[in-house]
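A.B. asks: Next one to model:
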Amino acid sequence: MRIYGYLRASTKEQDANRAKEELEKFVEERGFSISCWFLENESGARLHRPELFRLLEVAERGDVLLVEQVDRISRLNSKDWKTLKQKITTNGTRIVSLDLPTSHQFLSLKDEFTQRILDALNGMMLDMLAAIARKDYEDRQRRQAQGIKKAKSLGKYKGHPEDLKLHRKIEELLHDDKSYSAIQNLLGCSRHTISKVKKRLIQIK
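C.D. replies: As a prediction, the model looks like this:
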């Protein structure tokens, strides 16, 4: 059995490594070590998460995917969660999450009967926590939208501040005739941001 640590944060401004020390301590106390880390800055509400799926490709049946909380794996809607869960189940990967105590026993399983009981129990608990994580995400999105609407009605909404440093780097790369894909890979920004900067450059010209 190998243990793979998965660390995720929603944006590049957030520190995906934040929980690394806690996860290391968790496995060391149980006499294990983490074989490899997979880290990415992607929204848990999106199914497209290259590092998570790379982990699932590397993992073999019985290996453990270790996370701090279930919402690090999923804030997905019901359809996308079923797709991801099917991939995890088919792969035979076991989820161990610090906020799901029933999953901790996967690190000390001895007999097949107990494994099957825990697989079934853990599957139900994962479904429940994934649903709670999704609801929390939708509630926050709704509150944010309400706040923006109210700010707009009061004439106080100014939108997200521009990252001027990032925009200058994009400008430099555009001047060097770098492609959108190359700029994305170098800076980790969206194509929309690159397009916005390019349009502004065209207007200046």
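
A.B. asks: excluding its backbone neighbours, what's nearest Glu24?
C.D. replies: Counting by Cβ to Cβ, 6 or more residues apart in numbering, Glu24 lies nearest to Ile34, which is 6.4 Å off, once chain neighbours are set aside. Using the backbone N, CA and C atoms, a C-beta is placed for each residue, glycine as well.

A.B. asks: list the contacts for the one you found?
C.D. replies: Counting by Cβ atoms under 8 Å, 6 or more residues apart in numbering, Ile34 touches 3-5, 23-24, 27, 66.

A.B. asks: most neighbours, which of those?
C.D. replies: Compared across the contacts of Ile34, Leu66 has the highest neighbour count, 28 neighbours, by other Cβ atoms under 10 Å.

A.B. asks: That one: which element?
C.D. replies: strand 64-67 (DSSP states H and E).

A.B. asks: Also Gln141?
C.D. replies: Gln141 is part of helix 112-153, with elements assigned from DSSP H and E.

A.B. asks: Which parts of this protein are helices?
C.D. replies: Using DSSP state H, the helices of the chain run over 20-28, 50-58, 78-91, 112-153, 164-175, 180-187, 191-204.

A.B. asks: Give me whichever of the ones you listed is most buried.
C.D. replies: Sort the helices of the chain by mean neighbour count, taking mean count of other Cβ atoms under 10 Å, and helix 50-58 sits at the top with a mean of 16.

A.B. asks: Please save the CA atoms from it in PDB.
C.D. replies: The C-alpha trace of helix 50-58 is given here as PDB (Å, rounded to 0.1, in the frame of the first residue of the first chain):
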ATOM      1  CA  PRO A  50      -5.100  17.400 -13.900                       C
ATOM      2  CA  GLU A  51      -3.100  16.500 -10.800                       C
ATOM      3  CA  LEU A  52      -5.900  14.600  -9.100                       C
ATOM      4  CA  PHE A  53      -6.400  12.500 -12.200                       C
ATOM      5  CA  ARG A  54      -2.700  12.000 -12.600                       C
ATOM      6  CA  LEU A  55      -2.700  10.700  -9.000                       C
ATOM      7  CA  LEU A  56      -5.500   8.300  -9.900                       C
ATOM      8  CA  GLU A  57      -3.600   7.000 -12.900                       C
ATOM      9  CA  VAL A  58      -0.500   6.400 -10.800                       C
END
